[in-house]
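Participant: turn this into a structure:
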Amino acid sequence: MSQGSNQMRVTWGSDELDLGAYLERTGYCGRLDPTAATMRDLHHHHVEAIPFENLDIIFGRPPVLDLASLQAKLVTRRRGGYCYEHNVLFAAVLERLGFAVTGLSARVTMGTSKPRPPTHMCLRAEAEGDSWLVDVGFGGDGMLEPIPLRQGQQVSQGVGAWQYSLAREATGPWALRSLRPQGWLELYTFTLEPRWPIDYQVFNWYTATHPRSPFTQRPIVQKAGDSIRRSLVGGELTVVRRDWTSQTRAVAPADVPGVLAADFGIELTTHDAETLCSLASSPSGSCPGNARDG
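Facilitator: Residues are numbered from 1 along each chain as shown. The predicted structure follows:
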């Protein structure tokens with residue numbers, strides 16, 4: 001913990017953080033001073049260790065965003081989560097170490113121009129005189145490391161396989177883009193308007209319970225790495241390699257819990273594994289909108 005962090009306002013619950021348990025969960029054993037290098041390394045370790053997943057939503061358990069609940073799920077039980085869970089936890093980690101952290105909201109576009117609600121959470125952090133876009137919760141397409149918040153900034157991450165850029169037109173929103181074989185794909189747009197933990201409580205409830213939310217429809221589990229990215233959506237497992245070649249295969253309902261354990265490090269309870277197999281066996285391969293786990 002940095003010497004100056006006791007004087008910082010606690011916004012993200014960092015006073016309740018079990019930092020040692022978090023570092024063990026992510027496998028990080030480097031320096032903890034509030035530098036850009038520390039933030040990059042922590043971000044990278046988090047993304048590689050903790051998967052993106054919406055399984056509790058599918059089971060009818062909307063995520064709870066207080067820090068005790070997030071630590072119990074993502075750290076102690078070694079599960080994953082979606083954007084709010086990942087980024088609220090990571091904001092607490094950065095705050096604990098003395099970084100200034102601001103919550104942001106983004107509109108996921110994935111190349112479409114159709115207006116979408118600002119339901120994605122990302123972060124802005126300050127380090128060594130620069131502002132950085134920080135986001136450990138975008139899943140398989142997400143950044144491995146923060147990006148300096150500068151117009152036209154372009155970076156390569158991992159083993160050079162994953163390239164990102166930031167763009168902004170005039171006074172409009174910022175856009176995070178990913179380079180694909182077909183060219184640049186806009187992932188999401190965001191503004192620098194600060195958001196607070198209470199804002200995400202509202203966004204989280206909508207995203208986790210609305211029957212038309214993509215996260216209530218089917219299992220989505222993803223994990224990014226230096227040279228390979230895995231994604232289980234419904235009953236299909238896709239592996240994307242550093243050269244953007246990919247392979248997709250169908251996963252039988254009975255095999256889904258094993259794939260979660262082997263490919264994503266997610267060990268479900270017997271009850272949850274049985275529930276997931278049952279949902280995966282439904283004709284649509286997705287979760288009924290009113291399914292609830294009693």
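Participant: can you map out the helices along this protein?
Facilitator: Chain-ordered helices for the chain, with DSSP state H as the definition, fall at 19-26, 36-49, 55-58, 67-70, 83-96, 197-209, 256-264, 270-280.
Participant: residue ranges with poor pLDDT in the stretch 151-294 of the chain?
Facilitator: Across the stretch 151-294 of the chain, residues meeting the criterion (pLDDT under 70) sit at 282-294.
Participant: would you mind measuring from the residue nearest in space to the middle of the chain to residue 225?
Facilitator: Residue closest to the mean C-alpha point of the chain, counted by Cα atoms, centre = their mean, is residue 137 at 1.3 Å. With the distance defined as Cβ to Cβ, to the nearest Å, residue 137 ends up 16 Å from residue 225. All C-beta spots, glycine's among them, are computed from the backbone N, C-alpha and C.
Participant: ditto for residue 168
Facilitator: Distance, residue 168 to residue 225, using Cβ to Cβ: 29 Å.
Participant: and what of residue 204?
Facilitator: 27 Å.
Participant: ok, now residue 91?
Facilitator: Distance from residue 91 to residue 225, counting by Cβ to Cβ: 23 Å.
Participant: before we move on, what about residue 180?
Facilitator: Applying Cβ to Cβ, the value for residue 180 to residue 225 is 17 Å.
Participant: cool, and residue 265?
Facilitator: In this view, residue 265 and residue 225 are 12 Å apart by Cβ to Cβ.
Participant: show me which of the two is the more surrounded one.
Facilitator: Summary of the neighbour comparison: residue 265 and residue 225, criterion other Cβ atoms under 10 Å, with residue 225 having more neighbours (17 against 14).
Participant: any idea how many residues pack against the nearest residue to the more buried one once chain neighbours are set aside?
Facilitator: The shortest distance from residue 225 to any residue other than its chain neighbours is 5.8 Å, reached at residue 48 (Cβ to Cβ, 6 or more residues apart in numbering). Other residues within reach of residue 48 by the criterion other Cβ under 10 Å amount to 16.
Participant: how about the contacts made by residue 48?
Facilitator: Neighbouring residues of residue 48 by Cβ atoms under 8 Å, 6 or more residues apart in numbering: 26, 144, 223, 224, 225, 226.
Participant: top of the residues you listed by neighbour count?
Facilitator: Comparing the contacts of residue 48 by number of neighbours (other Cβ under 10 Å), residue 224 comes first, having 25 neighbours.
Participant: quickly list what that residue is bridged to.
Facilitator: For residue 224, the beta-bridge partners are residue 229 (DSSP bridges).
Participant: tell me which residues touch residue 181, please.
Facilitator: The neighbourhood of residue 181, defined by Cβ under 8 Å, 6+ apart, consists of residue 244.
Participant: what's it sitting at in phi/psi?
Facilitator: Reported as degrees, to the nearest 10, the phi and psi values for residue 181 are phi -60, psi -30.
Participant: how about the strands in this protein?
Facilitator: Secondary structure of the chain, counting by DSSP state E: strands at 52-53, 100-108, 120-127, 130-134, 147-148, 154-157, 162-168, 174-180, 183-190, 220-224, 228-233, 236-241, 246-250.
Participant: reformat the ones you listed as JSON lines; add distance to residue 73.
Facilitator: Formatted as JSON lines, the entries for the strands of the chain read as follows, by distance: least, Cβ to Cβ, whole Å:
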{"stretch": "strand 52-53", "distance to residue 73": "10"}
{"stretch": "strand 100-108", "distance to residue 73": "20"}
{"stretch": "strand 120-127", "distance to residue 73": "16"}
{"stretch": "strand 130-134", "distance to residue 73": "21"}
{"stretch": "strand 147-148", "distance to residue 73": "27"}
{"stretch": "strand 154-157", "distance to residue 73": "27"}
{"stretch": "strand 162-168", "distance to residue 73": "27"}
{"stretch": "strand 174-180", "distance to residue 73": "26"}
{"stretch": "strand 183-190", "distance to residue 73": "24"}
{"stretch": "strand 220-224", "distance to residue 73": "14"}
{"stretch": "strand 228-233", "distance to residue 73": "19"}
{"stretch": "strand 236-241", "distance to residue 73": "23"}
{"stretch": "strand 246-250", "distance to residue 73": "29"}
